[in-house]
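Q: how would this look folded up:
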Amino acid sequence: MQIFNKYIIQIDEKRLAELIFYWNYFDKPCSLLLMKPKTEGLAAVKVTVDTPEAADFLLHAKNKINFKLFNDEK
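A: Here you go, the predicted model:
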């Protein structure tokens, strides 16, 4: 499975702190771009996974936090 890619995380606004906690825990392995989606109560986060450390962060966070992950190939 090829995990190196650009993704959009759709996450409940109440869970953003958990995402940032894991991002800090993994020593900020990638950039996070917070965006406001059209759905109230949700947030969108753009992330580029281009290192093994960033992949570890994303997989760990996905397993611990309930969020949706979308491919952002444009």
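
Q: Identify each buried residue in stretch 29-49, please.
A: 29-30, 42-45, 47, 49 (16 or more other Cβ atoms under 10 Å). Where you see a C-beta, it was placed from the backbone N, CA and C, and this is true even at glycine.

Q: out of those, who's nearest I9?
A: Nearest to I9 among those is V45, at 4.2 Å by Cβ to Cβ.

Q: Let's verify the closest one: helix, strand, or coil?
A: Using DSSP: H, G, I helix; E, B strand; the rest coil, the structure places V45 in strand.

Q: So which residue is dead centre in this protein?
A: Centroid-nearest residue in the chain: I9, 4.7 Å away (criterion: Cα atoms, centre = their mean).

Q: Who does the helix or strand harbouring that residue pair with, and is each partner parallel or antiparallel?
A: Using DSSP states H and E, I9 falls within strand 5-12. The strands that strand 5-12 pairs with in its sheet are strand 42-49 (antiparallel), strand 68-71 (antiparallel) (by DSSP bridges).

Q: Using CSV, write down the CA coordinates of the helix ranked longest in the chain.
A: Among the segments of the chain that qualify as a helix by DSSP state H, the longest is helix 52-64. The C-alpha trace of helix 52-64 is given here as CSV (Å, rounded to 0.1, in the frame of the first residue of the first chain):
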residue,chain,number,x,y,z
PRO,A,52,7.9,7.5,7.1
GLU,A,53,7.5,9.6,10.2
ALA,A,54,4.6,11.4,8.7
ALA,A,55,3.0,8.1,7.7
ASP,A,56,3.5,6.8,11.3
PHE,A,57,1.8,9.8,12.7
LEU,A,58,-1.2,9.6,10.3
LEU,A,59,-1.7,5.9,10.8
HIS,A,60,-1.4,6.2,14.6
ALA,A,61,-3.8,9.2,14.7
LYS,A,62,-6.3,7.4,12.5
ASN,A,63,-6.3,4.4,14.8
LYS,A,64,-6.8,6.5,17.9
